[in-house]
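*Asks:* Any chance you can model this:
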Amino acid sequence: MTRVSRRRLLGTGALTAAGAVVAAGAAPSAAARTAPAGTVSASADVVIVGAGLSGLIAARDLAAAGRSVLVLEARERPGGRVYGMPLGDGTTSEGGAEFIGPTQDRIAALAKDMGVATYATYNEGKNVYYRDGKRSLYATDGILGAVPPDWGVVDLELALLRLGGMIKDVPVGEPWKAAKAQEWDAQTFFTWSRSNTISSGARFLMDAFASSTLSMRSQEVSLLYLLNYAASAGNESTPGTVDRLINTKGGAQESRFVGGSQEVPVRLAAKLGDIIRYNAPVRSIVTGSGGVTVNADGITASAERVIVAMSPAIAGKIDYSPALPASRAQLMQRYPMGSIAKFVAVYDTPFWRADGLTGQAVADSGAIDATFDNSPPDGSRGILMGFMNQANIRKLDAASAADVRAAGLDSFTKLFGDKAADPKLTAFQRWDNEVWSGGGPVGIAPPGALTAFGPALRAACGPVHWAGTETSDYWTGYMDGAVRSGERVAKEVHAAL
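*Replies:* Down below sits the predicted model:
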């Protein structure tokens, strides 16, 4: 891996979090990682709010172009919704964004640059289907698996064919320009799925599709938003499809990162060094004739431009002066986060493999409605991961850690048998209760939001620019979308400067 020089990476006159000029080759100081007792002043060409993937990429590209950059991050770590969740034994498992698949070219290129390899998600054997109190097994090939006809597979296939035709008519990244945008944005995915299916099995799997990809009930999301989400699951040369969203082999869940996905932002942040200030949540952004002033805990920074690299919902918590245009302000009011927690249990071995199972499951009851095998590449121990999505995690919002653990293990036991009841370790990450995310994995649009306010997702408000996976054209909601948004906004800001 070619190592970029520190001077090229930071740009001429780059600033530390404390506002001092960094000499080429200077080592990051411990003081730069924590807020000082008093507020200090700093200045840069560009201040970036958020050290998730989008913010880090924007910082990398702008610094490489010779701009001085300061990144303000509320957390004590980089990565945002990409997080290595501690398991309690000195190791971690992905508590947030995790998978990579075909056409996710930008995150793949970044991981390669950072020296982070990938390996195939375990996908050998059969999947578990749990519905109406009954457990069944199904093969892993085809749309949602080669399921028996009595599960409504014919009904489902016909509905998905109709959905696929509609997806082709959505301009990727600009769904509000679709010929039927108003019609599609006036209804939920639930409404459409009920009008286009007749079997309970097909309807359940349609709901599972919305829940597993967005962590939202199908009743809560605009049909237009979901169509664009599927259309974005590709790249400039390959159209997006529902198959690519939901499948493991050949789909978005095909591979994982060696050492965990958090290795990518952690290594990138290490290269950026002292231009990142941690424990510095931004409270206000003031625009004046001389540029912008960004006020954060412990630091006030002035710049010509500012990039807000976070979800619309969290960006809306910042105080902007003067007030943002109504289109942007009201977009942020109408773009809520999904509801999700990730629960993992660690076992001596991945015992489900010996039972001929992939570790993947879908369920209509219990705290967990979808699972994956999160074991390390060598299978030296078994890790089951379960998504607690939408209504399931909302029911556990005020539950104790012990109650969440009990609910998670109860689900694993129903899906994979009594061996799942006694793990060595458990851990979980409740994104709904994480103040700097407010949910996950992505912000979604309810009916009416995209056609009324969609263009405000990316449109700069004077010197205030927007990034984050929600603003991406392709792979919105994924790590690839976050990288793409960072690359896009860096070009935008560099041109403006």
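*Asks:* Please name every helix or strand in contact with the helix or strand containing D61.
*Replies:* Assessed by DSSP states H and E, D61 sits inside helix 53-64. Other helices and strands packing on helix 53-64, by 3 or more C-beta pairs under 8 Å, 6 or more residues apart in numbering; DSSP states H and E, are helix 6-10, strand 40-49, strand 69-72, helix 105-113, helix 263-272, strand 299-309, strand 464-467, helix 479-496. Where C-beta positions appear, they are placed from N, C-alpha and C, glycine not excepted.
*Asks:* Tell me which residues of stretch 230-246 come out buried.
*Replies:* 230-235, 240-246 (16 or more other C-beta atoms under 10 Å).
*Asks:* Farthest-apart pair in the residues you listed, please.
*Replies:* N235 and I246 (17.8 Å; C-beta to C-beta).
*Asks:* Quick check: mean pLDDT of whatever helix or strand I314 lives in?
*Replies:* Element membership of I314 [criterion: DSSP H and E] is helix 312-315. Helix 312-315 shows an average pLDDT of 98 in the prediction.
*Asks:* Stretch 346-364 now?
*Replies:* 97.
*Asks:* my read: G408 touches L384, true?
*Replies:* No: counting by C-beta atoms under 8 Å, G408 stays clear of L384, with 9.2 Å between them.
*Asks:* So for those two, which residues contact both of them?
*Replies:* The contact sets of G408 and L384 overlap at A345 (C-beta atoms under 8 Å, 6 or more residues apart in numbering).
*Asks:* Give me the below-cutoff pLDDT ranges for this protein.
*Replies:* Confidence mapping of the chain against pLDDT under 70 gives the ranges 1-37, 141-151.
*Asks:* tell me the domain ranges of it?
*Replies:* 6-80+262-324+461-496, 84-95+339-433, 152-245 (automatic domain parsing).
*Asks:* Might you calculate how far the longest one sits from the centre of the chain?
*Replies:* What it means is domain 6-80+262-324+461-496. The chain centroid and the centroid of domain 6-80+262-324+461-496 are separated by 18 Å under C-alpha atoms, centre = their mean, to the nearest Å.
*Asks:* And stretch 70-84, by the same measure?
*Replies:* Distance, stretch centre to chain centre, for stretch 70-84: 13 Å (C-alpha atoms, centre = their mean).
*Asks:* Just the terminal-to-terminal distance for that stretch.
*Replies:* 24 Å (C-alpha to C-alpha, to the nearest Å).
*Asks:* same question, stretch 221-239
*Replies:* 22 Å.
*Asks:* before we move on, the earlier item: in TSV: the buried residues of stretch 230-246, plus distance to G440 and secondary structure.
*Replies:* Putting the buried residues of stretch 230-246 into TSV (distance: C-beta to C-beta, whole Å; DSSP: H, G, I helix; E, B strand; the rest coil) gives the following:
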residue	distance to G440	secondary structure
A230	19	helix
A231	21	helix
S232	17	coil
A233	18	coil
G234	23	coil
N235	24	strand
G240	21	coil
T241	23	coil
V242	21	helix
D243	23	helix
R244	21	helix
L245	16	helix
I246	18	helix
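*Asks:* show me what contacts D355?
*Replies:* By C-beta under 8 Å, 6+ apart, D355 lies in contact with G125, F416, G417.
*Asks:* out of those residues, which is most surrounded?
*Replies:* Compared across those, F416 has the highest neighbour count, 22 neighbours, by other C-beta atoms under 10 Å.
*Asks:* from memory it sits against Q360, does it?
*Replies:* No: here F416 does not reach Q360: they are 10.6 Å apart, not a contact under C-beta under 8 Å.
*Asks:* intersection of neighbour lists for those two?
*Replies:* Counting by C-beta under 8 Å, 6+ apart, the residues touching both F416 and Q360 are V128.
*Asks:* re earlier: okay if I get the domains of the chain as a markdown table plus distance to G101?
*Replies:* What follows is the domains of the chain, written out as a markdown table (distance: least, C-beta to C-beta, whole Å):
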| stretch | distance to G101 |
| --- | --- |
| domain 6-80+262-324+461-496 | 9 |
| domain 84-95+339-433 | 13 |
| domain 152-245 | 7 |
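*Asks:* What's the local residue count around K395?
*Replies:* Neighbour tally, K395, other C-beta under 10 Å: 12.
*Asks:* how much space is there between it and A407?
*Replies:* 9 Å (C-beta to C-beta, to the nearest Å).
*Asks:* which neighbours do these two share?
*Replies:* By C-beta under 8 Å, 6+ apart, K395 and A407 have these common neighbours: A367.
*Asks:* picking that back up, out of the helices and strands packed on helix 53-64, flag the one nearest V344.
*Replies:* Of all the helices and strands packed on helix 53-64, helix 263-272 sits nearest to V344, with 17.5 Å by C-beta to C-beta.
*Asks:* Give me the buried stretch members for that closest one, please.
*Replies:* Under 16+ other C-beta under 10 Å, the buried positions of helix 263-272 are E263, V264, P265, V266, R267, L268, A269, K271, L272.
*Asks:* Let me know the next secondary structure element after that helix.
*Replies:* Once helix 263-272 ends, the next helix or strand along the chain (criterion: DSSP H and E) is strand 276-277.
*Asks:* and that next one, what does it pack onto?
*Replies:* Counting contacts by 3+ C-beta pairs under 8 Å, 6+ apart, strand 276-277 packs against strand 69-72.
*Asks:* List the residues that contact F453.
*Replies:* S327, R328, Q330, L331, R334.
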